[in-house]
Each structure stands twice: as C-alpha cells, then as structure tokens.
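In: what's the 3D shape of this:
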Amino acid sequence: MASLPSIFLGAAFLLAAAVYIRSSDTGGSSAATTTHLHFFMHDDYTGPRPTALRIVSGRSLLPTAASSDDGSNATVAGGTMLSLLSSPRQFGDVVVLNNALTEGPREDSARVGTAQGFAMRVSEGGIVSHLTMHMVLEAGEYQGSSVTANGRIDMDAKVRESVVIGGTGKFRFARGYMLTRNYDYDLARGGVVEIDVHLQH
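Out: This is a model prediction of the structure:
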C-alpha cells in the first residue's frame, strides 16, 4: 500500500503537469487582449479608378413585365426600359473589393489600411450578400496585421453584424465580431461605410 506522502507527491506532480499542458495549449497566456478598431471604408463603383467591381452579373431583382428579344432589357412599371446589367444589385452578383480604410469618413482622412475580399448576392428577396473581407492594417501600432470577417450583409438593416474568423500578426487567433453601418452610401455608386471591429486575441 502506498504511503500518504507518496500519494500527495503523485497528486502534486499530476496537478503541475495539467497546469503546464494547459499553459502550453494557450501559448502561455491565460488572459485575452480586447481590442476595438474603428474606421471608415470607401467603396467606389463608379470613379475613374473603381475600388469595388462587379465581376459576375446575376439575375435582376427589378420587377419585370416583359423582356426584349435579346434578354438584355426589361420593361418595368410605367414602360421604362432598363438594362439588367445596369441594375445596382442582382441575385448571383459577385463583387470584388479593394477599398481604402481611413480614420474618418472623408476621402482625405488618414489612411489606416485596405479592405480586400468579395461579396456574393445570395437573396432573391432583398439586397443580401455573403461577405468575406480581409482588413489589412497599414499604419499605427497594428501595422502589418490583418483581421478577417465573414458574414451576411443585409443592406436593409441599419446595423449589420459579421463574425471575425481570424487574423494575422498581432491578431493571430483573433475572434470577435464586426459591425457595419452605411455612413453615406448608394447602391449604384457605393460610398462610405462605418466599421467597428471588436476583437479578443
């Protein structure tokens, strides 16, 4: 039968091993850092050098009464002919993004990074997209780091929430959420979107 001191010694050894393994699994840190990033994204579809571009055109969301022989035009209420390709948003569209991120909403605000990714229109009943976006930071204490967000963007919602699925550099193993709001935005031309990212890393 084992002596009482040897049982205590064995228990202490197992406890120390468990603490070491848990510390190794978490990189030696038990407390996560919380970070809030705030910036404005400039989404430009129509300027001389667009930063957002539709690369696949889907099916029009406009109500149609009739189509022309070649299928490129549709008649809407009131008899107006509209090109399906000029509709600001269509089901099945794929848009790529390479947008500036700035400290403030004006174009001449200090640039802090670039938002790169794509959005795919996924709803027939509204302007809803699936978004995957990498926010690459180019200035300040997080220069060289990035955060990736993924989510459903409903343009009819005042505030849209996406999930942060990871990051690089100082944001390795990041998790959290991103909130986006239209600051000055038009579906056809683009505009400015306000972004808040809340992270734990």
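
In: Now that L179 has come up, it's in contact with V163, right?
Out: No. With contact defined as C-beta atoms under 8 Å, L179 does not reach V163; the gap is 11.2 Å. In this view, the C-beta of every residue, glycine as well, is placed from N, C-alpha and C.

In: Need phi/psi at E141.
Out: Main-chain torsions, E141, degrees, to the nearest 10: phi -70, psi -20.

In: what residues are up against it?
Out: K170 (C-beta atoms under 8 Å, 6 or more residues apart in numbering).

In: now swap in G140 and tell me
Out: V112.

In: how far away is it from R111?
Out: Distance, G140 to R111, using C-beta to C-beta, to the nearest Å: 11 Å.

In: Give the residue spans of this protein that score low on pLDDT.
Out: Within the chain, the stretches with pLDDT under 70 are 1-30, 60-88.

In: Break it down into its domains, please.
Out: 1-31, 33-57+93-200, 60-87 (automatic domain parsing).

In: can you pull out the strands in the chain?
Out: With DSSP state E as the criterion, the chain has strands at 34-44, 52-56, 59-60, 66-67, 73-75, 81-83, 90-91, 94-102, 111-121, 128-137, 146-154, 160-168, 175-186, 190-200.

In: Turn those into JSON lines, columns for mean neighbour count.
Out: Shown next, in JSON lines, are these (neighbours: other C-beta atoms under 10 Å):
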{"stretch": "strand 34-44", "mean neighbour count": "18"}
{"stretch": "strand 52-56", "mean neighbour count": "15"}
{"stretch": "strand 59-60", "mean neighbour count": "16"}
{"stretch": "strand 66-67", "mean neighbour count": "12"}
{"stretch": "strand 73-75", "mean neighbour count": "16"}
{"stretch": "strand 81-83", "mean neighbour count": "12"}
{"stretch": "strand 90-91", "mean neighbour count": "18"}
{"stretch": "strand 94-102", "mean neighbour count": "19"}
{"stretch": "strand 111-121", "mean neighbour count": "19"}
{"stretch": "strand 128-137", "mean neighbour count": "20"}
{"stretch": "strand 146-154", "mean neighbour count": "20"}
{"stretch": "strand 160-168", "mean neighbour count": "18"}
{"stretch": "strand 175-186", "mean neighbour count": "16"}
{"stretch": "strand 190-200", "mean neighbour count": "19"}
